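Undergrad: only geometry, no sequence info:
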């Protein structure tokens, strides 16, 4: 069974060939290339990976992602972005998925009522056309919902049960103002001591088309690797979603320095020591292969 | 004090729950509903802000510090219709851990799955859930697995759907109904497919153990707790 890193990012130096947005953490000269990733993957017996777009949502911003998918078609699948407020998201998505290796798109907002007590008409949600398009074209939706949006998800999932949904980073829903970067250049998300997600996203286990990443532990934990304070989160997700809908990922490149790619290949064994060999193999790649339809190597 | 009947004692021991229909009624129920609705409305916007900030769950909300907001929330802690049973079951060593004055939104799935609150080695832990509005079947009613409070019962596993739990019983009820249950038992809020939020109050009690609740916890309502019984219930002198 292949070992698949189901969520990470690659980018190259900003250039006319490969334009991208720059930030303090990702200045123009920084490069975390597909070749560097493949080297680290080979060192740790990881076979395939999902490359998640960053550095801008326009078609041009996706050039490096598309380049990597074209260069290594058996090793990578891609997840794209849609510019917020795009007048025709279906066209944008179609352009990026025309035999490119891009299988879906990542979102954080759904454009419905902030108040869960409000009347919910899913057709009025801003994200409705995107979900409809995903349902028609079999795209995967890669979701990292903001806290204020998470309660809208089951309405969309109910409306489009055929859409494959992957909740990123332990099904967490970051709160407004709770995101920062640490001294090692890694995202940090401030969360409450009590796990609120078990009352929101964990409840989506009811829907068979919803899957979850075991990833991003470093961003939520208050401890060093192996992030034992998050063992309860992992057990809760395992209890709800079972062993067939969970996917391991590293969130490369943020973790390269601390804790290091190799350590993260063991994080599931550390946090869920009771898994059988077969269950672990599913989480480490089998589920990603089946759900995301990775090509045979 | 209204003590439990022999039948109630047997049901409590064997099944782990009791239902008190019309536990709160008339003017007291009206008072409770008025205070609940007023404070739920006042506190809602702040809760929505906290949801957005990732500091509160979006699927339900509790009125913060309810005991300090209206004396009716204190008066229901030792309300005669169920207080005697609470005292009897805890050998007259009852303490309050806290109240949850909770509004649960209709949502495609319940905000929680089947679970026990505490392990069998915990001191007797009892909850009383009081419906503030009528809760119809499919309206987020309480669910419980009778007998699951016993250490030799089970094992139980959490099903994907609330209604698939083996041996469970659901408890729709009129406003003013109180359901007392042993929190070792497996329980849940059923899905609410109605258009009506479920308004209820969950009172959490335990059999006293030294130092469990610090006197400061309920010091703000000390003026309402003048009898020795109330001071003991709120751990004000320990």
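TA: The structure has been received and is ready for your questions. Values in this document were obtained by computation on a predicted structure and should not be read as measured data.
Undergrad: Any chance of the backbone angles for residue 13?
TA: Chain wasn't specified; assuming chain A. phi -60, psi 140 (degrees, to the nearest 10).
Undergrad: I was after chain B.
TA: Main-chain torsions, residue B:13, degrees, to the nearest 10: phi -70, psi -40.
Undergrad: Just want to check the distance between the closest residue to chain A within chain B and residue B:139.
TA: Going by C-beta to the nearest C-beta, chain A is nearest to residue B:54 of chain B, at 1.9 Å. For glycine as for every other residue, the C-beta is placed from the backbone atoms N, C-alpha and C. According to C-beta to C-beta, to the nearest Å, residue B:54 and residue B:139 sit 29 Å apart.
Undergrad: in the helix ranked longest in chain B, what counts as buried?
TA: In chain B, assigned by DSSP state H, the helix with the most residues is helix B:26-52. By 16 or more other C-beta atoms under 10 Å in any protein chain shown, the buried positions in helix B:26-52 come out as B:28-29, B:31-33, B:35-36, B:39-40, B:43, B:47-48, B:50-52.
Undergrad: since we're on residue B:228, how many residues are nearby?
TA: Around residue B:228 there are 10 other residues, counting by other C-beta atoms under 10 Å in any protein chain shown.
Undergrad: still on that earlier bit, give me the subset of the buried residues of helix B:26-52 that also touch chain A.
TA: B:48, B:51, B:52 (C-beta under 8 Å from any C-beta of the partner chain).
Undergrad: Just send those residues back as TSV, with pLDDT too.
TA: What follows is those, written out as TSV (pLDDT from 0 to 100):
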residue	pLDDT
B:48	97
B:51	97
B:52	97
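Undergrad: out of these, who's nearest residue B:87?
TA: residue B:51 (38.1 Å; C-beta to C-beta).
Undergrad: Assign a three-state SS to the residue of the stretch 101-250 of chain A at minimum distance from chain B, would you?
TA: Chain B sits closest to residue A:175 of the stretch 101-250 of chain A, with a gap of 1.9 Å, by C-beta to the nearest C-beta. Secondary structure assignment for residue A:175 (DSSP: H, G, I helix; E, B strand; the rest coil): coil.
Undergrad: doesn't residue A:200 make contact with it?
TA: No - the criterion here is C-beta atoms under 8 Å, and residue A:175 misses it with residue A:200 at 11.8 Å.
Undergrad: hey, where'd the strands end up in chain B?
TA: B:17-20, B:60-62, B:94-104, B:125-131, B:142-144, B:169-171, B:178-182, B:187-189, B:198-207 (DSSP state E).
Undergrad: Quick check: closest non-adjacent residue to residue A:19.
TA: With sequence-adjacent residues excluded and distances taken as C-beta to C-beta, 6 or more residues apart in numbering or on different chains, residue A:19 is closest to residue A:60, at 5.3 Å.
Undergrad: Need phi/psi at that neighbour.
TA: phi -60, psi -40.
Undergrad: before we move on, back to that, between residue B:54 and residue B:139, which is the more surrounded one?
TA: More crowded of residue B:54 and residue B:139, by other C-beta under 10 Å: residue B:54, with 26 against 22.
Undergrad: show me what contacts residue 122?
TA: Just going to use chain A. A:112, A:128, A:155, A:156, A:158, A:159 (C-beta atoms under 8 Å, 6 or more residues apart in numbering or on different chains).
Undergrad: Can you look at chain B instead?
TA: B:184, B:206.
Undergrad: For the residue nearest the centre of chain B, give me the pLDDT.
TA: Nearest to the mean C-alpha position of chain B, by C-alpha atoms, centre = their mean, lies residue B:202 at 2.1 Å. Per-residue pLDDT puts residue B:202 at 98.
Undergrad: Leaving aside the residues adjacent along the chain, what's closest to residue A:180?
TA: Closest to residue A:180 by C-beta to C-beta, 6+ apart is residue A:188, at 4.9 Å.
Undergrad: close enough to count as contact, that neighbour and residue A:181?
TA: Yes - the criterion here is C-beta under 8 Å, and residue A:188 meets it with residue A:181 at 6.7 Å.
Undergrad: Which one of the two is surrounded by more residues?
TA: residue A:188 (16 against 13).
Undergrad: the helices in the stretch 101-250 of chain A, which residues?
TA: Ranges of helices in the stretch 101-250 of chain A, per DSSP state H, counting those that start in this stretch, are A:128-137, A:153-159, A:217-220, A:231-241.
Undergrad: what residues does the stretch 1-150 of chain A put near chain B?
TA: Counting by C-beta under 8 Å from any C-beta, the stretch 1-150 of chain A sits next to chain B at A:114, A:115, A:116, A:117, A:146, A:147, A:148, A:150.
Undergrad: quick one, what contacts the nearest residue to the fourth one once chain neighbours are set aside?
TA: Leaving out its chain neighbours, the residue that sits closest to residue A:117 by C-beta to C-beta, 6+ apart is residue B:105, at 5.2 Å. By C-beta under 8 Å, 6+ apart, the contact set of residue B:105 is A:116, A:117, A:151, B:59, B:60, B:192, B:197.
Undergrad: residue contacts, the last one?
TA: Translated: residue B:197. Residue B:197 makes contact with A:117, B:103, B:104, B:105, B:106, B:133, B:140, according to C-beta under 8 Å, 6+ apart.
Undergrad: How many residues are close by residue B:188?
TA: Counted with other C-beta under 10 Å, the neighbours of residue B:188 add up to 23.
Undergrad: That one reaches residue B:111, doesn't it?
TA: No - when contacts are counted by C-beta under 8 Å, residue B:188 is not listed as touching residue B:111 (9.8 Å).
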